[in-house]
Structure formats: C-alpha cells, structure tokens
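A.B. asks: Pasted the sequence and its predicted model underneath.
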Amino acid sequence: PIGLILLWLDVIGGQNRPRRWPQFLTVWLAWGLLWGISAGRSPLMLPMLGLPLLFGAAHLGAWLLRRYADSRQILQNAARAWTPEATTRESVLLAAALAILTVAGLFWLLAFVNNQQLDVGIVWITILILGVAGVLIVGFAIWTNQWQSIAILGLYIGVLLLAATVSSNWQLNQTDAPRQPEGFFADISADDVRNLADDIGMLSSQRVGDPHEIPLIVQMRAAPDPVLAWYLRDMRKLTWALAPAAAASGAQMPLVVSFAEDAPAVLPAEGYAGSHYQLHLKWLPSALMEQNGERVEGQSWSERTAQAWSSKYRPLLRWMLFRKIGQDPPVQRVVLWAAGY
C-alpha cells in the first residue's frame, strides 16, 4: 500500500519523479528488512530484499552514468564500435575463445572436485585457463576495440551468472533425495510421515471400523509437532502427551506415537510392537563446513590443508556443483506403537 501511494504521488507530481523512485525503493527495502528480522521468517521473503536491491543497483548505475560520463558520447562510441566496418570477426573469435576456455575450465574444475585428494596441479591449470581468458580480453581491448571488449565481457559475465543461477535453483523444482538436499529450507518434512498417517488409518479401520476413530496418543515436547498435527488432524480421539507411557495406562489400548530417541523409555505397555518412521530432515550447507577430520599432532601445513580439503571444502564444492552429499543428513524419527491382538 505504501508503494502504491508513492507511485500515485509520482504520477500526479511529475517533477518529483527522480525523488519518488528512491523513496519507493527505500520504503520497500525497509519493509523487507523488518520482515526479515521478525519472528517466523522464512526463505520465501528473500525476494522482498532482492528485488529492491536489484532495482536500486540499476538506479545507482544510471545515476553514476549520468554523473561521471557523457551518456550520449558513450552511446555514440558504442554504436560506432558495432558498425559493419568494425572488427566484428575478431569479436566473434574472442567470444568463441572465451566459450572454449570456459568449457575447458569447467572440466578441470569438475576433475578437481571429484578428486579425493587435493591436487595442486589441477588448481594451477584452472588458474592458467582463467589467466589466458583475462589476457585475451585485455589484449583485444588494447589492440583492437575497447567498446567491443567491454560489451563482450559484460555479455560473458552475464551468461555465466545466468547459468549459475539456473543451475543453483534447478534443484528447487525437483523431488529431494536423501543425499541430494536442496539446501533452501533447514527443516524438511520426510515423505515417510505420509506412510505413518496411512498406517494409522489402516489400523483404525481394521480395529474400530473407521479410519479416524481409534484412540491415538502422540508424544510432544513443549508443543505439538506441526507436521504430526497436520497429518493427524482428522483423528477424532487424538491426545497430545509429554509422557505417552503414563497416558496409555488404562483398559483401552490406544495407538501411541513417540519420538525414536525416547522409544526405550516410553514403551506404552507390555504387548506393544513399534515401527519406525522418518519425520524431519534437518540440514543446511553450513553443516559441511562443520565437519572436522581426525587431527594428528605434528601434521605439516600441507597435511592439514589436504585434511581440510577432504573433510570440509571438497564436500561443500561437491554440493555446490552437483547438489550431492556423502552421507545422509540427520533425520528425526518417530515410532508407532500398536498393541498386538
């Protein structure tokens, strides 16, 4: 609403237009920051910060262009650089050379990440490829055409950033696998919780003739787990308890759901059998940097570097490139207890 008011004032007061746009972006960014520091925030609010920063960067770039350069002269020079008489063939060759070097550098980078041991030779080859690309751009700018070099470099960087963005966000559109976490949400509900709800409904249908009528006791901590509360929302005789073992005492033998780490201590009663289900998967990329290899006294600098590479940096780079990790993320499990008949 505040943004619509500012834009309306911009329309009725055309002379204040250069001032209204920064005000609109400032209010938008302040609102995004306020939302970001508030309780209950989620990663979905990140576009509320990214969009005003993007528009603000474009506005700042235009202001710098007007402030420190003659924009018409720049446009004239750029147009003159792209005339048919200019060095168009050399520009195509430069773009092709950059593309070839990029593909070669990518192959060497993949070989570097896939190597279990730290290979310094591959690092130097990758740096050499990047250096050759930089020398080509600088040489083309000095000996041929400066404006075409700037345009090609800008297009080259833009394509790389676009490819990196698409690659980083592609996993968000796919189904997560245990060792392919997308890293967008720290806490993800496991698919196995649906099997838990289905099995409870099946047991209820078999024992009382209604999928939602059997007595059910679910363990909670300080508050009910939101995932369990959602999937078990149709159970008419659902009870939340801190100690299911005490709550389960009585003539009737209800179903009991307890946390797996408390399973030995919360066995409801004799004659109960339990089945494990995954509930939450908690993982962030920062967990890869917290992995520490076994330290040995008297290690040299190269040995410590190789150990840090194999335990921290290689897993992080592997996840950044392939969205894969070497071991399953921590999983919170629950146990469904049912009395035998």
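C.D. replies: It's in.

A.B. asks: All the helices of this protein, residue numbers only.
C.D. replies: In the chain, the helices defined using DSSP state H lie at 2-12, 17-37, 47-68, 71-81, 88-114, 120-143, 146-170, 192-208, 226-231, 244-247, 286-289, 301-308, 314-322.

A.B. asks: Which one of these lies nearest to residue 186?
C.D. replies: Judged by C-beta to C-beta, the one of these that comes nearest to residue 186 is helix 286-289, at 9.3 Å. All C-beta atoms are positioned from the backbone trio N, CA, C, and that covers glycine.

A.B. asks: Residue 277 is nearest to which of the helices of the chain?
C.D. replies: Of all the helices of the chain, helix 192-208 sits nearest to residue 277, with 4.3 Å by C-beta to C-beta.

A.B. asks: picking that back up, nearest to residue 337, out of the helices of the chain?
C.D. replies: With C-beta to C-beta as the criterion, residue 337 lies closest to helix 244-247 of the helices of the chain, at 7.9 Å.

A.B. asks: about what we covered before: the helices of the chain: which one's closest to residue 273?
C.D. replies: Closest approach to residue 273 among these is made by helix 192-208 (11.5 Å; C-beta to C-beta).

A.B. asks: Return the distance of the closest one from the chain's centre.
C.D. replies: 33 Å (C-alpha atoms, centre = their mean, to the nearest Å).

A.B. asks: Any buried residues in that helix, and which?
C.D. replies: Across helix 192-208, burial judged by 16 or more other C-beta atoms under 10 Å covers 193, 196-197, 200-201, 203-204.

A.B. asks: With mean pLDDT and distance to residue 330 added, can I get the helices of the chain in a markdown table?
C.D. replies: Output for these, formatted as a markdown table (pLDDT from 0 to 100; distance: least, C-beta to C-beta, whole Å):
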| stretch | mean pLDDT | distance to residue 330 |
| --- | --- | --- |
| helix 2-12 | 49 | 41 |
| helix 17-37 | 75 | 26 |
| helix 47-68 | 72 | 29 |
| helix 71-81 | 55 | 54 |
| helix 88-114 | 84 | 24 |
| helix 120-143 | 84 | 32 |
| helix 146-170 | 79 | 23 |
| helix 192-208 | 92 | 15 |
| helix 226-231 | 92 | 16 |
| helix 244-247 | 56 | 23 |
| helix 286-289 | 77 | 8 |
| helix 301-308 | 76 | 22 |
| helix 314-322 | 82 | 15 |
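
A.B. asks: okay, those helices in CSV with distance to residue 185 next?
C.D. replies: Conversion of the helices of the chain to CSV gives the following (distance: least, C-beta to C-beta, whole Å):
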stretch, distance to residue 185
helix 2-12, 28
helix 17-37, 16
helix 47-68, 15
helix 71-81, 44
helix 88-114, 25
helix 120-143, 33
helix 146-170, 14
helix 192-208, 15
helix 226-231, 13
helix 244-247, 29
helix 286-289, 13
helix 301-308, 28
helix 314-322, 15
